[in-house]
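Student: Have a look at this fold, sequence not included:
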């Protein structure tokens, strides 16, 4: 009992909550060697998956190709492309209570990936890309959608683009950050977020991603509980 | 003296040799977030840089974006794009005795990388790519070129493509391997190589990349010494 007083067990407000979380980049192959990628390290998503697990959630993590230590989560599904991630998410989305989309999913993929390494000697090359499915919007558009949290990584007009994404994709919450240049975000240990929901907004200032993940997880709990109370 | 008998100091056949080695992939940005990349882990190049350092060479390593422990080399220069790598190599190539090009340099880069994250809603997108400089061929075509070793990672016709590359780019030696599918090579701990020079060829069977790097380093020493003896 003394130990419990000194180190109280964490509150588990998400006990019993089935949570699906995507993290990392996707890779879209041009051929067996080359791909279209992006600079997401997966660090923010992995930290958030752990923070939400600490709060009691049963977290299924769908992860793109990253080089990070294995996070403490209930289940992990590794994927490579946006189509893989789409499949892994849509199989599970109807059975989850909370969906958190931190992955930087490629918007486009090469139209016809080559089976063998492309041999080209032309001075110029034209690559035809086709649009990938919008995983986040599809989940939010389900008949009984989970509470859905999106992310927006932008180089400019951060808040404006995030507000537009929140409304357009019918999300419950969005966490937006600025990337590129000297800002935090992709490939960095620190980050800052602007978290937006229908009738509120919170600024989480620049800090270590582990701490930031905990603060964001707390905000998610608050909004999720309010949403749950309102709809029951 | 007893310790030296039990642990003889390594022979240093490359003592005094100035060696330039490229390793890893390059990344060609589409915008601040997205890039064209390839699956080279840099592992074979880093292992080879260490093996050649053990043999006494003064190794300058020009490395693309990798997630590997720092190798024991004399100097390391980190680059991101093929143009960066080209600059770093051409600055140093005239002053080196041996050039080993293990990097998987992107053949093409997006013509006009965007300063801000691209916002597109079209179902299809066309990406225009332009050819990158051929670093290996440029070094081999210098007035007094270093002894030049190239690599060829191919999904098919491995030996045929490698022989063609050896002749066309006027290399002294080429190490070829098969990638993709269940073969070793990219993103794996093991690899096998077919090493080809003008009047000879050697097969290095599938093995751990550290051991393979040592065997290849030994072959490079043999060919370099023969070349050196013949030209002096």
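Tutor: Arrived safely, thanks for sending. Just so it is clear, the structure is predicted and the values come from calculations on it, not from any experiment.
Student: Look at residue A:153 and give its secondary structure.
Tutor: strand (DSSP: H, G, I helix; E, B strand; the rest coil).
Student: Tell me if residue A:210 really is in a strand.
Tutor: No. Residue A:210 is assigned helix when assessed by three-state DSSP, not a strand.
Student: Excluding chain neighbours, what is closest to it?
Tutor: residue A:47 (5.0 Å; Cβ to Cβ, 6 or more residues apart in numbering or on different chains). For the C-beta atoms, the positions are set from N, CA and C on the backbone; glycine is no exception.
Student: Tell me if I'm right that the one you found and residue A:207 touch.
Tutor: No. The pair residue A:47 / residue A:207 is not scored as a contact, 11.3 Å apart, by Cβ atoms under 8 Å.
Student: Of the two, which one has the most company?
Tutor: The neighbour count for residue A:47 versus residue A:207, taken as other Cβ atoms under 10 Å in any protein chain shown, is higher for residue A:47 (24 against 17).
Student: Name the SS class of the more buried one, please.
Tutor: helix.
Student: residues contacting it?
Tutor: Shown in contact with residue A:47 (Cβ atoms under 8 Å, 6 or more residues apart in numbering or on different chains): A:71, A:209, A:210, A:212, A:213.
Student: quick one: it and residue B:35, what's the gap?
Tutor: As defined by Cβ to Cβ, to the nearest Å, residue A:47 lies at a distance of 24 Å from residue B:35.
Student: Quick one: the strands in chain A, in order.
Tutor: A:18-23, A:28-29, A:34-38, A:58-63, A:75-78, A:98-101, A:108-110, A:124-131, A:147-154, A:173-178, A:190-197, A:200-208 (DSSP state E).
Student: neighbours around residue A:116, how many?
Tutor: 13.
Student: typed the wrong thing, it's residue A:49
Tutor: If we define neighbours as other Cβ under 10 Å, then residue A:49 has 30 of them.
Student: If we ignore the residues flanking it in sequence, what's nearest residue A:170?
Tutor: Per Cβ to Cβ, 6+ apart, closest to residue A:170 is residue A:140, 4.7 Å.
Student: give me the number of residues near that neighbour?
Tutor: 23.
Student: Quick check: the gap between it and residue B:108.
Tutor: Counting by Cβ to Cβ - residue A:140 and residue B:108 are separated by 37 Å.
Student: can you check residue A:81 too?
Tutor: For residue A:81, the distance to residue B:108 - Cβ to Cβ - is 21 Å.
Student: Quick one, grab the pLDDT at the residue nearest the centre of chain A.
Tutor: Central residue of chain A (Cα atoms, centre = their mean): residue A:102, 1.0 Å from the mean position. If you check residue A:102, the pLDDT there is 97.
Student: who are the neighbours in contact with the residue nearest to it when sequence neighbours are not counted?
Tutor: Nearest residue to residue A:102 in three dimensions, chain neighbours excluded: residue A:45, at 3.5 Å (Cβ to Cβ, 6+ apart). The neighbours of residue A:45, taking Cβ under 8 Å, 6+ apart as the test, are A:21, A:22, A:23, A:24, A:61, A:63, A:102, A:103.
Student: go again using 7 Å as the cut-off
Tutor: A:21, A:22, A:23, A:24, A:102, A:103 (Cβ atoms under 7 Å, 6 or more residues apart in numbering or on different chains).
Student: Which pair of those residues spans the longest distance?
Tutor: Pairwise distances across the contacts of residue A:45 peak at 10.7 Å for A:21 and A:24 (criterion: Cβ to Cβ).
Student: Output the below-cut-off pLDDT ranges for chain A.
Tutor: For chain A, the stretches flagged by pLDDT under 70 are A:1-4, A:9, A:180-187, A:232.
Student: Show me what from it comes close to chain B.
Tutor: A:32-39, A:67, A:107-108, A:116-117, A:120, A:123-131, A:153-156, A:179-180, A:186 (Cβ under 7 Å from any Cβ of the partner chain).
Student: List only buried entries from the residues you listed.
Tutor: A:32-39, A:107-108, A:117, A:125, A:127, A:129, A:131, A:153-155, A:179-180, A:186 (16 or more other Cβ atoms under 10 Å in any protein chain shown).
Student: In this structure residue A:76 contacts residue A:59, no?
Tutor: No. Using Cβ atoms under 7 Å, residue A:76 is not in contact with residue A:59, being 9.1 Å away.
Student: Neighbour count: these two, which is higher?
Tutor: Counted by other Cβ under 10 Å, residue A:76 and residue A:59 do not tie: residue A:59 has more neighbours, with 28 against 15.
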